[in-house]
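What shape does this take:
(one chain, ligands or ions: 1)
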Amino acid sequence: MKQKLFGLLMVAAAAHVSAQVTDAMIAKDDTNSVLSWGMGTQGQRYSSLDAVNTKTVKNLAPIWSMSFGGEKQRGQESQPLVYKGKMFVTASYSRIFAIDVKTGEKLWKYEHRLPEGIMPCCDVVNRGAALYDNLVIFGTLDAQLVALDQNTGKVVWKEKVDDYAAGYSMSAAPLIAEGLLLTGVSGGEFGVVGRVEARDPKTGKMVWSRPVVEGHMGYLNGKENGISGTTNATWPGETWKTGGAATWLGGTYDAKTGLAYFGTGNPGPWNSHVRKGDNLYSASTVAIDVKTGKIVWHYQGTPNDSWDFDGVNEFITFDMDGKRMGGKADRNGYFYVIDATTGKLQNAFPFVNGITWAKGIDLATGRPNFVPENRPGDPAAAGGDGKKGTSVFASPGFLGGKNQMPMAYSPKNKMFYVPTNEWGMDIWNEPISYKKGGAFLGAGFTIRPLYEDHIGSLRAYDPKTGKMAWEVKNNAPLWGGVLTTGGDLVFWGTPEGYLKAADAKTGKVLWQFQTGSGIVAPPITWTQDGEQYVSVVSGWGGAVPLWGGEVAKKVNLLEQGGSVWTFKLPRK
Ligand code: CA
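Sure thing, here's the model as predicted:
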């Protein structure tokens, strides 16, 4: 009897051990689970699965939908994670749910208690969680990290990242790399200081911190670890102290280079005339050695940004001509191909029409060829006394040629599938001074569509030639992400509510399904008991209805929601 009981305990212990997510599992990224935002730390959003393919996708059917419930709807930008038959999905207002993937039954939920006075700039969104060991970890709108037990939903640890009353918040999914939990911060419209932090995912204890505004000190194991850059080299006076560069979309990691790649947001304030210089490392990609917490290289897309061209977009590593490269579709309208090891620019091409702020990118220097007359004018030159500077028309508008919605790369077809938007804005500068917790813009703007027939367009680009292979236009701006598969499919959602699948080679739409609210989140796929599943979160919101000017009027017919849909092929 004793022996039998001991045996049972051993089995139970073994089951518990095998249920833990490890670094090796995250690095291997097999098709039976979805362990990270980006479907692999490189962020390719590619799955080799091919049971659902160009021939069978017409039979793809919903098997369940689960509502996030309550009165709390608004934008749902979350990418679900899947492990051992459980789905972990975050929702608006800092909520997280665990769901049985086969039945859609809710296993548990956690609603983070948010204080009055949180200051998310762009809706109450969350983009997803990270899995490590027996934990599921996510960031909250009051700038905390919360780690919960995957099985029970009980809080295991909680850490305050920064002061929400100063404008800090968290909306990105954390990234696990080499046993570290890597996170950024949101709050670029409030003069925060952008940074990347590494913690022990099991305890939340800080390992290193690396500011991405030049002049600030980094830390490693509680000790000073060198200032980022050189104080005042690219920021005049005290401006670096409220320099922005929020790392609000999180990062990617490539085990081959040992580097984590984080994009950085706009410099603060938007009025560029008060911070003459490049304003490093704002509007850039910053490559950080995860072992040392030091910046190895940076590439700045928009030096001395004046248009809110946050450079946060995902840097997706891939192989080209036998070299490890990274692809990034920047909010400023240019697609960059950069050597992932050295940071040297290899190629740059526009992925939207009508760019006004620059005439191309100089491949030798890596710098944009600015069009000086298309920079909004200096309010000081207008005579001061609160007067506005000269207004200019700028394209893309500040919501960008691309925004938070992640693209996908197919190593099979060697193509990037980019969710793009074509819109412009009138923009002018105003005098501004920093006040804790106040919007730190010094700019006014109205965003406008450029074309009658579309704002959004899903586009397939060859990173080597910069040629567009195909596009699928969309009336409303695209705000979800993309998934591509070994079945030669590209999946994406639209604000009009459709999850669509197109032939990856031609762009021909082969299947679509109406989810009942707008989709502003990226789809995923995995296998459960040998069958291929596809899931996506539905729930219209995000920055567009809040900030979209004339565009918001165009999309205000769309209904809010909050649910996750799951699909598979019928059993034969
Ligand atoms: Ca911004």
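
Pretty sure residue 58 sits in a helix.
Yes. Counting by DSSP: H, G, I helix; E, B strand; the rest coil, residue 58 is part of a helix.

Would you mind confirming that it makes contact with residue 510?
Yes. Counting by CB atoms under 8 Å, residue 510 is a contact partner of residue 58 at 6.5 Å. Where you see a C-beta, it was placed from the backbone N, CA and C, and this is true even at glycine.

Neighbour count: those two, which is higher?
residue 510 (19 against 10; other CB atoms under 10 Å).

Quick check: which element contains that one?
According to DSSP states H and E, residue 510 maps onto strand 509-514.

CA-only coordinates of that strand in CSV, if you can.
Taking Å, rounded to 0.1, in the frame of the first residue of the first chain, the C-alpha atoms of strand 509-514 are listed here in CSV:
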residue,chain,number,x,y,z
VAL,A,509,-8.9,35.5,-50.5
LEU,A,510,-10.0,31.9,-50.0
TRP,A,511,-12.0,32.1,-46.8
GLN,A,512,-13.5,34.5,-44.4
PHE,A,513,-15.6,34.5,-41.2
GLN,A,514,-17.5,37.2,-39.5
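
Return the residues in contact with the residue lying closest to residue 540 once chain neighbours are set aside.
Nearest non-adjacent residue to residue 540, counting by CB to CB, 6 or more residues apart in numbering: residue 518, 2.9 Å away. The contact partners of residue 518, taken as CB atoms under 8 Å, 6 or more residues apart in numbering, are 476, 479, 493-497, 538-541, 558-559, 561.

From those residues, pick the one nearest residue 524.
Using CB to CB, residue 493 is the member of those that lies nearest residue 524, at 11.7 Å.

isn't the closest one right next to residue 536, touching?
Yes. Using CB under 8 Å, residue 493 makes contact with residue 536 at a distance of 5.7 Å.

any residues in contact with both of the two?
Common neighbours of residue 493 and residue 536 (criterion: CB under 8 Å, 6+ apart): 480, 499, 515, 519, 521, 523.

Return the members of those residues classed as buried.
480, 499, 515, 519, 521, 523 (16 or more other CB atoms under 10 Å).

Kindly indicate which of these lies nearest residue 529.
Using CB to CB, those come closest to residue 529 at residue 523, 20.3 Å.

Quick check, the closest one in contact with residue 492.
Yes. Using CB under 8 Å, residue 523 is in contact with residue 492, at 7.1 Å.

okay, and the common contacts of those two?
Common contact partners of residue 523 and residue 492 (CB under 8 Å, 6+ apart): 480-483, 499.

just checking, residue 26 is part of a helix?
Yes. According to three-state DSSP, residue 26 belongs to a helix.

Please name the nearest non-neighbouring residue to the residue of the stretch 351-500 of the chain found nearest the ion.
Closest residue of the stretch 351-500 of the chain to the ion, CB to the ion: residue 398 (7.2 Å). Once flanking residues are discounted, residue 398 sits nearest to residue 308: 3.7 Å by CB to CB, 6+ apart.

Tell me both backbone torsions, phi and psi, for residue 547.
Torsion angles at residue 547 (phi, psi; degrees, to the nearest 10) stand at phi -120, psi 0.

how many neighbours does it have?
By the measure other CB under 10 Å, the count of residues near residue 547 is 18.

what does residue 513 give?
Residue 513, neighbours per other CB under 10 Å, totals 18.

Please tell me I have it right and it contacts residue 499.
Yes. Residue 513 sits in contact with residue 499 when judged by CB under 8 Å, with a separation of 5.1 Å.

Give the residues shared as contacts by these two.
Residues within reach of residue 513 and of residue 499 at once, by CB under 8 Å, 6+ apart, are 565, 567.

Can you tell me how far the residue lying closest to residue 183 once chain neighbours are set aside is from residue 520?
Spatial nearest neighbour of residue 183, excluding adjacent residues (CB to CB, 6+ apart): residue 174 at 4.8 Å. Per CB to CB, to the nearest Å, residue 174 is found 20 Å from residue 520.

who's more crowded, these two?
Taking other CB under 10 Å, residue 174 and residue 520 do not tie; residue 520 has more neighbours (30 against 27).

From residue 383, how far off is that one?
From residue 520 to residue 383 the distance is 42 Å (CB to CB).
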